[in-house]
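Asker: Structural data only, the sequence is not supplied:
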């Protein structure tokens with residue numbers, strides 16, 4: 001059964017990654033939105049601040065002045081714009097502390113296929129031991145915002161959000177790649193089908209054998225209404241507050257975790273996934289193979305931003321407060337011993353193709369059905385400080401920290417510092433440095449062009465250009481915005 005769940009997680013990631021090659025990203029796994037590097041929490045505005053810091057909707061539209069006029073020129077300026085719109089602005093990111101850059105690319109895009117030797121299987125098992133693969137997808141299907149001069153700003157968005165984690169301890173890694181040759185299976189026999197079956201004379205429960213392993217997948221469609229306004233204004237200090245209310249439809253939930261001697265495994269997947277739970281039944285069964293939601297929930301974001309003069313800004317927000325109530329195809333697994341495996345393990349890094357090969361002489365898990373299950377959203381704390389040197393240069397520092405361990409949460413806090421530079425009136429270039437989120441050090445780089453006197457903005461961004469020259473701990477990401485309009 002674990003193989004089918006692995007397959008569901010990985011195939012979902014593969015399908016989405018392939019579908020998003022030509023689309024875009026704004027903030028996959030709490031990273032960046034087009035045009036910003038280190039000053040995200042303090043500076044991002046309009047619909048782009050939804051899910052980051054809704055207080056920034058309270059910013060008043062400003063006329064951008066890039067050069068002061070002289071006796072023989074009028075200067076360069078652009079009129080203030082109150083409206084912002086977008087369609088299909090989103091993208092994906094994936095990173096691994098187990099795979100090399102080439103292996104991660106092959107895993108995501110199935111670019112080639114080859115068979116491991118037994119020694120290569122053992123090497124793969126060593127590399128994945130206590131490591132893994134993490135990926136995320138974030139698309140703003142539609143976004144619109146209006147920011148006024150007097151009563152604040154309002155935004156509406158619809159987003160697709162997917163996050164997946166594939167983290168293995170030493171035993172699960174060896175099981176995956178070595179199969180029945182994993183030394184845990186110290187004996188073998190031939191079953192009634194004539195297949196060789198490896199089994200253990202000292203079988204252990206999942207909770208003990210796979211301690212520290214986690215397989216998690218979430219897929220939400222989020223509809224948000226956000227509002228922000230200026231609540232205090234003095235000569236030098238302005239304070240903004242904001243909130244977002246979110247309605248969520250859940251299409252996939254999987255969380256299998258072995259921790260502290262206990263096994264926690266629950267699943268609620270749309271019928272489209274076609275998961276077979278063997279003989280297990282559930283009172284929440286949904287027939288067919290349609291892509292329909294299997295849960296609904298509510299969430300909220302809260303934010304606060306303080307500006308001092310025209311240069312300094314500080315911001316604090318808490319995002320994704322709330323929960324999702326799963327009511328369709330809900331299952332829970334019980335802890336049981338692992339014994340009996342016919343597979344010889346994965347033969348390459350094409351995890352999507354190989355996952356179904358890890359099958360036992362029965363279901364790995366003993367599944368039982370549930371009427372409902374409730375899960376918390378992956379709540380996060382964001383904090384940032386930025387300094388605007390002038391109209392062309394802004395520096396910033398951002399910190400993002402998980403506040404719970406729900407499926408889809410950040411594995412570690414992320415700290416980043418960066419600079420946004422406008423070398424010319426129509427171009428913004430951003431870069432910086434950061435670490436955390438199970439990624440190690442990374443260097444983001446991005447570019448945004450403001451065309452037609454600021455009416456149309458397009459941007460391209462990568463989370464980590466180090467991946468272009470380093471092969472270990474790769475981060476493959478794509479951030480593109482092509483349909484951002486400001487009126």
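Answerer: All right, it came through fine. Just so it is clear, the model here is predicted, and its values are computed rather than measured. Residues are numbered from 1 along each chain as shown.
Asker: Now the helix or strand hosting residue 296: buried residues?
Answerer: Assigned by DSSP states H and E, residue 296 belongs to strand 295-308. For strand 295-308, a neighbour-count test (16 or more other C-beta atoms under 10 Å) marks 295, 297, 299-307 as buried. C-betas here are computed from N, CA, C, even on glycine.
Asker: what does stretch 251-265 give?
Answerer: Under the neighbour-count criterion of 16+ other C-beta under 10 Å, stretch 251-265 has 251-258, 263, 265 buried.
Asker: got it, and stretch 306-315?
Answerer: Quick answer for stretch 306-315 (16+ other C-beta under 10 Å): 306-307, 313, 315.
Asker: State the mean pLDDT of that stretch.
Answerer: Across stretch 306-315, the average pLDDT comes to 94.
Asker: Tell me the pLDDT of residue 173.
Answerer: 89.
Asker: Quick check: residue 39 vs residue 91, distance?
Answerer: According to C-beta to C-beta, to the nearest Å, residue 39 and residue 91 sit 20 Å apart.
Asker: what sits against the nearest residue to residue 428 once chain neighbours are set aside?
Answerer: Distances taken as C-beta to C-beta, 6 or more residues apart in numbering place residue 448 nearest to residue 428, at 4.5 Å, with adjacent residues excluded. Neighbour list for residue 448: 34-35, 427-428, 430, 457-460, 481 [criterion: C-beta atoms under 8 Å, 6 or more residues apart in numbering].
Asker: Lowest-confidence member of the residues you listed, which is it?
Answerer: Of all the contacts of residue 448, residue 35 carries the smallest pLDDT score, 57.
Asker: what comes into contact with stretch 42-49?
Answerer: Under C-beta under 8 Å, 6+ apart, the answer for stretch 42-49 is 26, 33-34, 36, 52-53, 55-57, 59, 84-86, 140, 143-145, 147, 153, 155-157, 226, 228, 242, 303, 305, 313-315, 384-386, 394, 396, 420, 486.
Asker: Try it again at 6 Å.
Answerer: The contact list for stretch 42-49, computed with C-beta atoms under 6 Å, 6 or more residues apart in numbering, reads 33, 36, 52, 56, 59, 84, 143, 145, 155, 157, 313, 315, 384, 386.
Asker: I'd like those as TSV, with secondary structure and distance to residue 338 appended.
Answerer: Listed next are the contacts of stretch 42-49 as TSV, based on DSSP: H, G, I helix; E, B strand; the rest coil; distance: C-beta to C-beta, whole Å:
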residue	secondary structure	distance to residue 338
33	coil	44
36	coil	47
52	coil	43
56	helix	50
59	coil	56
84	strand	53
143	strand	47
145	strand	52
155	strand	49
157	strand	44
313	strand	53
315	strand	48
384	strand	46
386	strand	51
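Asker: Which one of these is nearest to residue 167?
Answerer: Of all those, residue 167 sits closest to residue 52, with 26.2 Å by C-beta to C-beta.
Asker: Could you report the neighbour count for the spatially closest residue to the closest one that is not a sequence neighbour?
Answerer: Spatial nearest neighbour of residue 52, chain neighbours left out: residue 44 (5.6 Å); criterion: C-beta to C-beta, 6+ apart. By other C-beta atoms under 10 Å, the residues close to residue 44 number 25.
Asker: Residue 429 versus residue 44, what's the distance?
Answerer: Per C-beta to C-beta, residue 44 is found 17 Å from residue 429.
Asker: and if you look at residue 313?
Answerer: Taken as C-beta to C-beta, the span from residue 313 to residue 429 is 20 Å.
Asker: now the stretch 201-350 of the chain, which segments are flagged as low pLDDT?
Answerer: 350 (pLDDT under 70).
Asker: do that again at 50, thanks
Answerer: Nowhere does the stretch 201-350 of the chain drop to pLDDT under 50.
Asker: now the stretch 51-200 of the chain
Answerer: Scanning the stretch 51-200 of the chain for pLDDT under 50 picks out 73.
Asker: any chance you could map the helices in it?
Answerer: 101-109, 118-128, 170-178 (DSSP state H, counting those that start in this stretch).
Asker: now do the stretch 301-450 of the chain
Answerer: For the stretch 301-450 of the chain, the helices defined by DSSP H, counting those that start in this stretch occupy 351-354.
Asker: Let's have the buried residues of stretch 306-315 in TSV, adding distance to residue 436.
Answerer: What follows is the buried residues of stretch 306-315, written out as TSV (distance: C-beta to C-beta, whole Å):
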residue	distance to residue 436
306	25
307	27
313	22
315	19
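Asker: Just flag the most distant two among the residues you listed.
Answerer: Pairwise over the buried residues of stretch 306-315, using C-beta to C-beta, the maximum falls at 307 and 315, 9.3 Å.
Asker: Can you get me a residue count around residue 401?
Answerer: 16.
Asker: swap in residue 178?
Answerer: 23.
Asker: if I look at it, how far off is residue 247?
Answerer: With C-beta to C-beta as the criterion, residue 178 and residue 247 are 46 Å apart.
Asker: what's the closest of the buried residues of strand 295-308 to residue 337?
Answerer: Of all the buried residues of strand 295-308, residue 337 sits closest to residue 295, with 31.1 Å by C-beta to C-beta.
Asker: Look up which residues are beta-bridged to the closest residue to that closest one other than its chain neighbours.
Answerer: Leaving aside its chain neighbours, residue 295 sits nearest to residue 250 (3.3 Å; criterion: C-beta to C-beta, 6+ apart). Residues in a beta bridge with residue 250, per DSSP bridges, are residue 220, residue 295.
Asker: quick one: secondary structure of residue 467?
Answerer: What DSSP: H, G, I helix; E, B strand; the rest coil gives for residue 467 is helix.
Asker: which ones are touching residue 133?
Answerer: 96, 166.
Asker: Spatially nearest residue to residue 367 (excluding sequence neighbours)?
Answerer: Closest to residue 367 by C-beta to C-beta, 6+ apart is residue 280, at 3.8 Å.
Asker: you'd agree the one you found is in a helix?
Answerer: No. Using three-state DSSP, the assignment for residue 280 is coil, not a helix.
Asker: So it sits against residue 334, correct?
Answerer: No. Under the criterion of C-beta atoms under 6 Å, residue 280 makes no contact with residue 334, lying 10.4 Å away.
Asker: Tell me which of those two has more neighbours.
Answerer: A count of neighbours by other C-beta under 10 Å puts residue 280 above the other of residue 280 and residue 334, at 16 against 12.
Asker: any idea how far that one lies from residue 223?
Answerer: Distance, residue 280 to residue 223, by C-beta to C-beta: 33 Å.
Asker: One more: residue 398?
Answerer: Residue 398 sits 26 Å away from residue 223, going by C-beta to C-beta.
Asker: Over to residue 456?
Answerer: From residue 456 across to residue 223, the span is 26 Å (C-beta to C-beta).
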